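Peer 1: missing the sequence, but the structure's below:
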């Protein structure tokens, strides 16, 4: 199997995964819209109790959907795919993403060629900053995304 076939397969697979992620976003949006519409209708019908439970449920579902879908990692994957297709990488934008993107960025480093060095330096710098912040904030400031990003350099 030659390299162009592998690249075409990977591009097709990534496009399929991107469409699946978009479908998940659309599903989450539809669910949240439905929950919010039910909450407003309940308020209009003087059912304050249903409204008071529906709105927090919709907000919780939205936050949970965002945490599960990890939009920062999706941004990294899209940028790396564009880099592989066109050779154009927005490294400064990737460096501004939250620590939630660190795992996806570290996984993509071998594919980035010459664009790897500044992003690798950014990940090391980010890890040092996160370690200092964690030492200062203690357990109340703990965050799973930050802990994962910090652990990347300890391996």
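Peer 2: Arrived safely. On a predicted model such as this, the values are computed, not experimentally measured, just so you know. Numbers count the residues shown, from 1 in each chain.

Peer 1: what separates residue 29 from residue 67, distance-wise?
Peer 2: Between residue 29 and residue 67 the distance is 15 Å, computed by C-beta to C-beta, to the nearest Å. Where you see a C-beta, it was placed from the backbone N, CA and C, and this is true even at glycine.

Peer 1: now swap in residue 53 and tell me
Peer 2: Taking C-beta to C-beta, one finds residue 53 at 21 Å from residue 67.

Peer 1: cool, and residue 118?
Peer 2: On the measure of C-beta to C-beta, residue 118 and residue 67 end up 28 Å apart.

Peer 1: out of these two, which sits in the busier spot?
Peer 2: Each of residue 118 and residue 67 has its neighbours counted (other C-beta atoms under 10 Å); residue 118 has more, 15 against 12.

Peer 1: for the more buried one, report the pLDDT, please.
Peer 2: Listed pLDDT for residue 118 reads 88.

Peer 1: and residue 141, what does it touch?
Peer 2: By C-beta atoms under 8 Å, 6 or more residues apart in numbering, the contact list for residue 141 reads 133, 134.

Peer 1: please report phi then psi for residue 97.
Peer 2: Torsion angles at residue 97 (phi, psi; degrees, to the nearest 10) stand at phi -70, psi 160.
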